[in-house]
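Student: Fold the following.
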Amino acid sequence: MRSDQIKKGVVRAPNRCLLYATGVSPKDLNKPFIGIASSFSDLVPGHIAMRDLERFIERGIAAGGGVPFIFGAPAVCDGIAMGHSGMHYSLASREIIADLVETVASAHMLDGLVLLSNCDKITPGMLMAAARLNIPSIVVTAGAMMTGMYEKKRRSMVRDTFEAVGQFQAGKINEEQLTELEIAACPGAGACQGMYTANTMACLTETMGMSLQNCATALAVSAKKKRIAYESGIKIVELVKSDIKPRDILTLNAFKNAITADMALGGSTNTVLHLPAIAHEAGIKLPLELFDEISKKTSQIVCLEPAGDHYMEDLDNAGGIPAVLSALASSLSPSKTVNGEDVTAIAKNGKILDEEIIRVKNPYKTEGGIAILRGNIATNGSVVKQAAVSEKMKVFSGRARVFNSEDDAMKAILDKKIIAGDVVVIRYEGPAGGPGMREMLSPTSAIHGMGLSDSVALLTDGRFSGGTRGPCIGHISPEAASGGAIGIIEEGDTIKINIPKRTLNVDLTDAQIKERLAKSRKLEPKIKNGYLARYAKLVQSADTGAILE
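Tutor: Residues are numbered from 1 along each chain as shown. As a prediction, this is how the structure comes out:
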């Protein structure tokens, strides 16, 4: 066993001495040492119920014949970090998590890992570590939150609080209603209730084969989730004994299957950052073109919030990811899973229990949820969640309203300075320029809440929450801080968006763009010390997955 390096032989007497100090028994030295990388936090609703799951994972590891060791990993709640300087740290925390898991697992020579995760950057960060370490690993995502209830209607965090800010500004609701909504929308533990980034990544983790069946959709605090945690503890010991490693599972086929499921689910645009970053750690390249290629031939068969009116609890009741895979069976490639079954076998046995939630015969859209746009603004690509764009806004031309930060744009929106026909351009918010590529849920939700999402578009070299809806195009590459053309757009320029044709352009000639670029000056770095300053120097473009090199 890998852990023999810290527990076997005469020269390891001091190491054993310290292990005994933790309460380890001499009999335990013949068992696999299993780390539980827990991202429990009192700060993050998606993670507050993890103490219970830790217990069930521990019980499973012990039942399987292993020795469990819990260690901590940080977690950032994107919703709480949203709209202020804290959001600079969200994407950047993904790299910290990957490095931390690698560090602890390598320093203590653990034989295997259970990765207890849930929210947006934690799951991809842990998967990056698993691929990098390549020791037996399994992911337990802690589950989605139940919907809230207000005025006899189910409620969720994004649609009913972020968008309520815009509704309040527009005079559509009063302060009392706003307060009642914010209290009702999130009734307890779990990840935000729709197909936002956390739940999208949970679904893709299960699709790729790194979680047990039904893990992605089993709700937080449910007995079902606890049973999955327990079974995952047993399974990791089996994976160690069988020497099945993440790179045996995270193959190119697994990533293609994940992209297929992503398009069918109408998932978050953040997956276009996270899947390439995980693949990079596994030694696999995932070009943006692959997302678009798969999107064009994959119908969207599930439509949860923000684009639709259903929630994760509905998808779970409809059969979960096995049911979705059954609908996609003809498009899937063979790929191993931690379940011990090939994903194609799981798809064969999956059953759709609600054909309104998983619509095979009458799909919501004939193409997948995400589209990749290119043009003179985005020569290296950009990303839009086309599943959440109305048909009338898929082809749009408008006047550029230019802002060098999210904060300035948000002020203009709330001051009602943005009108129909405008294209809000938010730049210097990319991976390096942000730094950290802040999510733009606050401005996009305000635009929607004010009734402008069918008449105003938004472009950014930053990114969007999985909860964003409307014609919002992000990940524009190259970013402004790297000399990208988004940096030379001027107030009043005409922006042309054509999602069906996959184009994004400013109405300027190549000569005009070249002339403006020659005259342009980069802004001073927004943050000049600490982790984010170091991150800005190492992070690569969004089209690479914003990896560090």
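Student: Direction included, what does the helix or strand harbouring residue 138 pair up with?
Tutor: Counting by DSSP states H and E, the element that carries residue 138 is strand 137-141. Note on strand 137-141: by DSSP bridges, its sheet partners are strand 112-117 (parallel).
Student: Which helix or strand lies directly C-terminal to the partner strand?
Tutor: Assignment by DSSP H and E places the next element after strand 112-117 at helix 122-133.
Student: Now do the buried residues in that following helix.
Tutor: Residues of helix 122-133 classed as buried by neighbour count (16 or more other CB atoms under 10 Å): 122-133. For glycine as for every other residue, the C-beta is placed from the backbone atoms N, C-alpha and C.
Student: right, and residue 1 touches residue 34 too?
Tutor: No: Residue 1 lies out of contact with residue 34 (CB atoms under 8 Å); the separation is 10.8 Å.
Student: and for the two, which residues touch both?
Tutor: Contact with both residue 1 and residue 34 is made by residues 111, 240, according to CB atoms under 8 Å, 6 or more residues apart in numbering.
Student: out of these two, which sits in the busier spot?
Tutor: residue 34 (31 against 17; other CB atoms under 10 Å).
Student: Which strand or helix spans the more buried one?
Tutor: strand 33-38.
Student: ok, that strand: who's next to it in the sheet?
Tutor: strand 67-72 (parallel), strand 112-117 (parallel).
Student: Using JSON lines, lay out those strands together with mean pLDDT, mean neighbour count and distance to residue 182.
Tutor: Formatted as JSON lines, those follow (pLDDT from 0 to 100; neighbours: other CB atoms under 10 Å; distance: least, CB to CB, whole Å):
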{"stretch": "strand 67-72", "mean pLDDT": "98", "mean neighbour count": "18", "distance to residue 182": "30"}
{"stretch": "strand 112-117", "mean pLDDT": "98", "mean neighbour count": "29", "distance to residue 182": "26"}
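Student: okay, those in CSV with distance to residue 262 next?
Tutor: Listed next are those as CSV, based on distance: least, CB to CB, whole Å:
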stretch, distance to residue 262
strand 67-72, 30
strand 112-117, 18
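Student: of those, which approaches residue 100 most closely?
Tutor: strand 67-72 (8.4 Å; CB to CB).
Student: now what about the closest one, what contacts it?
Tutor: Against strand 67-72 from outside (CB under 8 Å, 6+ apart): 22, 24, 28, 31-40, 54, 57-58, 61-62, 104, 108, 110, 233.
Student: which secondary element of the protein has the worst mean pLDDT?
Tutor: Ranked by mean pLDDT, DSSP states H and E, the weakest helix or strand in the chain is helix 163-169, scoring a mean of 82.
Student: Quick one: distance of it to the chain centre.
Tutor: Offset of helix 163-169 from its chain centre (CA atoms, centre = their mean, to the nearest Å): 25 Å.
Student: What is that helix packed up against?
Tutor: helix 175-184, helix 441-449 (3 or more CB pairs under 8 Å, 6 or more residues apart in numbering; DSSP states H and E).
Student: pLDDT on the longest one, on average?
Tutor: Mean pLDDT, taken over the full extent of helix 175-184, equals 90.
Student: any residues touching that helix, and which ones?
Tutor: With CB under 8 Å, 6+ apart, helix 175-184 has contacts from 148-150, 155, 160-161, 164-165, 167-168, 173.
Student: Show me how to select, in PyMOL, the buried members of these.
Tutor: PyMOL command restricting these to the buried ones, with burial defined by 16+ other CB under 10 Å:
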select buried, resi 148+150+155+160+161+164+165+167+168+173
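Student: Between the contacts of helix 175-184, which sits nearest residue 483?
Tutor: Nearest to residue 483 out of those is residue 165 (CB to CB; 34.3 Å).
Student: Leaving out sequence neighbours, find the closest residue to residue 363.
Tutor: Leaving aside its chain neighbours, residue 363 sits nearest to residue 299 (3.8 Å; criterion: CB to CB, 6 or more residues apart in numbering).
Student: those strands in the chain, which residues are they?
Tutor: Per DSSP state E, the chain carries strands over the ranges 33-38, 67-72, 112-117, 137-141, 148-150, 153-155, 371-373, 381-384, 395-403, 422-426, 457-460, 472-477, 494-498, 503-506.
Student: quick one: low-confidence parts of the stretch 401-549 of the chain?
Tutor: Residues of the stretch 401-549 of the chain that meet the criterion pLDDT under 70 lie in 467.
Student: Just want the angle from the strand holding residue 34 to helix 122-133.
Tutor: In terms of direction (axes from the mean of the first three to the mean of the last three CA atoms, to 10 degrees), strand 33-38 departs from helix 122-133 by 150 degrees.
Student: Give me the contact list for strand 33-38.
Tutor: By CB under 8 Å, 6+ apart, strand 33-38 touches 1, 3, 7, 50, 54, 57-58, 61, 66-73, 101, 104-105, 108-117, 126, 129, 233, 236-237, 240.
Student: quick one: the most far-flung residue of the chain relative to its centre and residue 85, what's the gap?
Tutor: What lies farthest from the middle of the chain is residue 10; by CA atoms, centre = their mean that is 46.4 Å. According to CB to CB, to the nearest Å, residue 10 and residue 85 sit 54 Å apart.
Student: Go ahead and confirm residue 53 touches residue 227.
Tutor: No: counting by CB under 8 Å, residue 53 stays clear of residue 227, with 10.7 Å between them.
Student: Between those two, point out the one with more neighbours.
Tutor: Counted by other CB under 10 Å, residue 53 and residue 227 do not tie: residue 53 has more neighbours, with 29 against 15.
Student: contacting residues around the closest residue to that one other than its chain neighbours?
Tutor: Among residues not flanking residue 53 along the chain, residue 229 sits closest, at 4.4 Å (CB to CB, 6+ apart). Residue 229 makes contact with 53, 56-57, 60, 116, 140, according to CB under 8 Å, 6+ apart.
Student: same thing but at 6 Å, please
Tutor: Taking CB atoms under 6 Å, 6 or more residues apart in numbering, we find residue 229 in contact with 53, 56-57, 140.
Student: Neighbour-wise, which one of the residues you listed leads?
Tutor: residue 140 leads the contacts of residue 229 on contacts (other CB under 10 Å) with 33 neighbours.
Student: Could you check how far that one is from residue 350?
Tutor: Residue 140 is 20 Å from residue 350, by CB to CB.
Student: One more: residue 530?
Tutor: 47 Å.
Student: more crowded one of those two?
Tutor: Comparing residue 530 with residue 350 by neighbour count (other CB under 10 Å), the higher total belongs to residue 350, at 21 against 9.
Student: Could you report the neighbour count for residue 419?
Tutor: The tally of other residues near residue 419 (other CB under 10 Å) stands at 11.
Student: ok, now which ones touch it?
Tutor: With CB under 6 Å, 6+ apart, residue 419 has no contacts at all.
Student: Residue 424 touches residue 399, doesn't it?
Tutor: No: in terms of CB atoms under 6 Å, residue 424 does not count as a neighbour of residue 399; the distance is 10.1 Å.
Student: Surely residue 547 touches residue 278?
Tutor: No: under the criterion of CB under 6 Å, residue 547 is not in contact with residue 278, lying 9.9 Å apart.
Student: So if I had to pick from these two, which one is more boxed in?
Tutor: residue 278 (36 against 20).
Student: Tell me how far that one lies from residue 130.
Tutor: 9 Å.
Student: One more: residue 282?
Tutor: 9 Å.
Student: Run a quick neighbour tally on residue 309.
Tutor: Neighbour number of residue 309 under other CB under 10 Å is 12.
Student: measure it to residue 158 for me?
Tutor: 13 Å.
Student: Likewise for residue 186?
Tutor: Taken as CB to CB, the span from residue 186 to residue 158 is 10 Å.
Student: residue nearest the centroid of the chain?
Tutor: residue 197 (3.6 Å).
Student: Does that one touch residue 463 like I think?
Tutor: No: the pair residue 197 / residue 463 is not scored as a contact, 9.6 Å apart, by CB under 6 Å.
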